[in-house]
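Enquirer: Just to be clear, the model below is a prediction. Sequence and coordinates:
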Number of protein chains: 2
Amino acid sequence: MAPPESESNVAETLSIEDLREAWNLLVHEDRLESFHALPRHEAEDLYLELPARDQAELVLSLPSQERRSWVRLSPPDDVADLIQEVDSKHREELLQLLDEPTRKDVHALLAYAEDDAGGLMNPRYTRVRPEMTADEALTYLRRQASEQTASRPYAYVLDPDQKLRGVISYRELFLMSPTEQVVNRMRTDLVTAPESMDQEELSRLFAANRLIAIPVLDSEGHMKGIVTLDDIVDVVREEATEDIQKIGGTAAFDQPYLRLTVKEMIQKRAPWLAVLFLGESMTAATMGYFEQEIARAVVLALFVPLVISSGGNSGGQATTLVIRAMSLGEVRLRDWWRVMRREVISGLGLGAILAVIGIARILLWEAIFHTYGAHHMRIAMTVAVSLVGVVLWGTLVGSMLPFILRRLKLDPATASAPFVATLVDVTGLIIYFTAARVILGGVLL
Amino acid sequence: MAPPESESNVAETLSIEDLREAWNLLVHEDRLESFHALPRHEAEDLYLELPARDQAELVLSLPSQERRSWVRLSPPDDVADLIQEVDSKHREELLQLLDEPTRKDVHALLAYAEDDAGGLMNPRYTRVRPEMTADEALTYLRRQASEQTASRPYAYVLDPDQKLRGVISYRELFLMSPTEQVVNRMRTDLVTAPESMDQEELSRLFAANRLIAIPVLDSEGHMKGIVTLDDIVDVVREEATEDIQKIGGTAAFDQPYLRLTVKEMIQKRAPWLAVLFLGESMTAATMGYFEQEIARAVVLALFVPLVISSGGNSGGQATTLVIRAMSLGEVRLRDWWRVMRREVISGLGLGAILAVIGIARILLWEAIFHTYGAHHMRIAMTVAVSLVGVVLWGTLVGSMLPFILRRLKLDPATASAPFVATLVDVTGLIIYFTAARVILGGVLL
């Protein structure tokens, strides 16, 4: 591997392209320094691409009188995100830097939860009236044109009371006869979202309909803004990251890995590790309950990690698959019964496969090393029976726990693989030692 | 929870909206039946939204003479995807159904790997010449207009030899003076992708630049097509799903959970479980090596699951975080040293926290139940020292393994949480029993 790199003195040597690439890897001071070293227009390009948290950090690093032009660079939805990132004492100050109509828009947006359709939407979009002719609509749109709406291919057709009637593309407007009315050519089979729609659901709506923008309506059907596909890409990525981190048994990080301090990282990871540890310490009590069996047949202890980890691994597979299928909308709450049936059969099948491998492993070792003594056949049977039971149980717990959590309105991804493994370990021990009592009772025990 | 639903007789009662929602949940026969029951235009809407695999299935379910109009519905990039889904004997047959120019496009696309920029791109886009006036460009675009390019806001400005010179939006074209030349208003600071760019890298390019389409160029700078943001949303989702499934310790599924047969599911899950089982069976050999210690002090066996699972859990956290950070481009190969430093400190911190909880747990149990005998202080110390060692080791293995895999040009996500746990379990046992020999030697052992 390459030798470790020095982290200082990056500012002088970075072009804007490098900086864009390197942004997440730079430490705080280097980022500010590199940023301020850029020519103004390049700095603006970079600024517009940064996440709200970084924008806020940059703006606050500037002297008060220089902040205005930066805050005013972004459209209202992005400004609202930025303002949500600063502490309350700077919030009012930044709001005062906005022009009047934008401040109004931003105030309205701040009332929405950050990850609702209302919080994601941009309140600026181009609108026309149904009775306008193509020619009138184009003239009208020319007046509305702004940098922010330049890349949007559609205009929204609204009634005088702001109710959404249809949508028409610029292309259509200039392809149709100049005197024809918009109402004749607009599309009316619209996909819309209510303000309160959760961002995960919204991203599924985009996926199902392959759209590049969805209008957001309030409960009376008034159009409030549009959510665009580029916001949804971020949502998809964020939600996946959150799921992955939770499945990995840690709290979701809201910042890139290298941006967190070690202290913050320990704070995010320690609580779950401690909970898992406390849960797992039940295994010590369970093993204590079977201490006499272990004392009589120490050979039993040898297979404890093997048996219980198989339950954890199969449970981890099941929970991961079900959590992801739920996130993608492939599996819904009411499918729990179909999932359970499938997982019971899978669990039995997977358990049987491991049982066969387990028996082969024990008989092979016995043939070569004579490790397990006269009762090796019964020991192999104990391990095999336990494996089927433990894998079946792991698979069931792993697949059903996400349903139970969702049913309780909790995040299914909390049923992380290590959480399932911990739950399954204690029962795994009970299954194993109970099988041992039955199969080895009167012989070794 | 709701009672299980009957799966039959869905066809009659489903509207197109329901069907769109329910598609993934329907079994094969129901899907075909429901599809054919729809009025033609609704069936077409649904068809266009389906993944290539489902489109292929539907087309092949039709009699030969009905296939043509369906295959011709989609743009070339989607047709190419569809054709990649059918077996070789149907491929030529479907290609023959296309019109001549589309067939040529599709043939060209089939030469690209499915997940390269070349394989994702659409070869149809609207183009103008730099010396055209706005008026000429609009007239020219009117002739090029098609259903497929209707929602794209940009036209690409090409030289006569197909080299990309710039890009201009329709909005700009109709806002500028009709006699002004395109070359004066086009944007020239372009973000482009080479044909061979991998889809993961491409999705980072979209994210970094917040674009809705990126032109794809060959090595000589000729424009070959465009990749649009809606394709990238699918890529982001697919890649995350693949990562999640691998982190969960199973092969990546290429189909929705409920669409796989139980047999296919076992085939995807069993190999990894079996590998993990074989790896984990090393613990039996390791425990065998310490059999005398266990026989002399059975109390040692009680803490085995607790100690080794802590290593697995902390390793699982570390590997999950690093894998995701790598996927997002937050951490690169050359950052391994920074990551290692951070993880050593985190590992020590997390280990210390668990050690304190462990000591408290053992002393508490001893005070209440008098379980662990006269040497409980030394036992607590053994567990505590092992926890620090095991958690540190787990964190190191978990964080470095993704780097090693990437360095070997393998997928870092293969360093799944259960894989790391299995690796760490054997060493965890060695750490634990070695600590026991040192601390309990001459006393209990």
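Expert: Yes, it's here.
Enquirer: residues contacting the residue of the stretch 251-400 of chain A found nearest chain B?
Expert: Of all residues in the stretch 251-400 of chain A, the one sitting closest to chain B is A:Thr320 (2.5 Å; CB to the nearest CB). The way it works is simple: take the backbone N, C-alpha and C, and place the C-beta from them, glycine included. With contact set as CB atoms under 8 Å, 6 or more residues apart in numbering or on different chains, A:Thr320 has these partners: A:247, A:398, A:417, B:244-245, B:247-250.
Enquirer: and with 6 Å instead?
Expert: By CB atoms under 6 Å, 6 or more residues apart in numbering or on different chains, the contact set of A:Thr320 is A:247, B:248.
Enquirer: Now it: which helix or strand?
Expert: Per DSSP states H and E: A:Thr320 is located in helix A:304-327.
Enquirer: which other residues reach stretch A:129-143?
Expert: In contact with stretch A:129-143 (CB under 6 Å, 6+ apart) are residues A:126, A:128, A:157, A:165, A:173, A:176, A:178-183, B:175.
Enquirer: repeat for stretch A:280-299
Expert: Residues outside stretch A:280-299 that contact it (CB under 6 Å, 6+ apart): A:300-301, A:372, A:422, A:425-426, A:429, A:433, A:444-445, B:291, B:294-295, B:298, B:301-303, B:305-306, B:309, B:361.
Enquirer: tell me how far the ends of that stretch are from each other?
Expert: End-to-end distance for stretch A:280-299, by CA to CA, to the nearest Å: 22 Å.
Enquirer: Then stretch A:324-332?
Expert: Stretch A:324-332 has an end-to-end distance of 11 Å (CA to CA).
Enquirer: got the buried residues for it?
Expert: For stretch A:324-332, the neighbour count (16 or more other CB atoms under 10 Å in any protein chain shown) marks A:324-332 as buried.
Enquirer: Do it and chain B come into contact?
Expert: Yes. Contact of stretch A:324-332 with chain B (CB under 6 Å from any CB of the partner chain) involves A:324-325, A:330-331.
Enquirer: Out of the residues you listed, show me where the pLDDT dips lowest.
Expert: Minimum pLDDT for the residues of stretch A:324-332 next to chain B is recorded at A:Glu330 (83).
Enquirer: looking at this, that residue is in a strand?
Expert: No. Using DSSP: H, G, I helix; E, B strand; the rest coil, the assignment for A:Glu330 is coil, not a strand.
Enquirer: any idea what sits nearest it, other than its immediate chain neighbours?
Expert: Using CB to CB, 6 or more residues apart in numbering or on different chains and skipping the chain neighbours, the partner closest in space to A:Glu330 is B:Pro256 (4.1 Å).
Enquirer: so how far is A:Leu50 from that neighbour?
Expert: Distance, B:Pro256 to A:Leu50, using CB to CB, to the nearest Å: 35 Å.
Enquirer: now A:Val383
Expert: Relative to A:Leu50, A:Val383 is positioned 56 Å away (CB to CB).
Enquirer: For these two, indicate the residue with more neighbours.
Expert: A:Val383 (27 against 18; other CB atoms under 10 Å in any protein chain shown).
Enquirer: Assign that one to one of the three secondary structure states.
Expert: Counting by three-state DSSP, the backbone at A:Val383 sits in helix.
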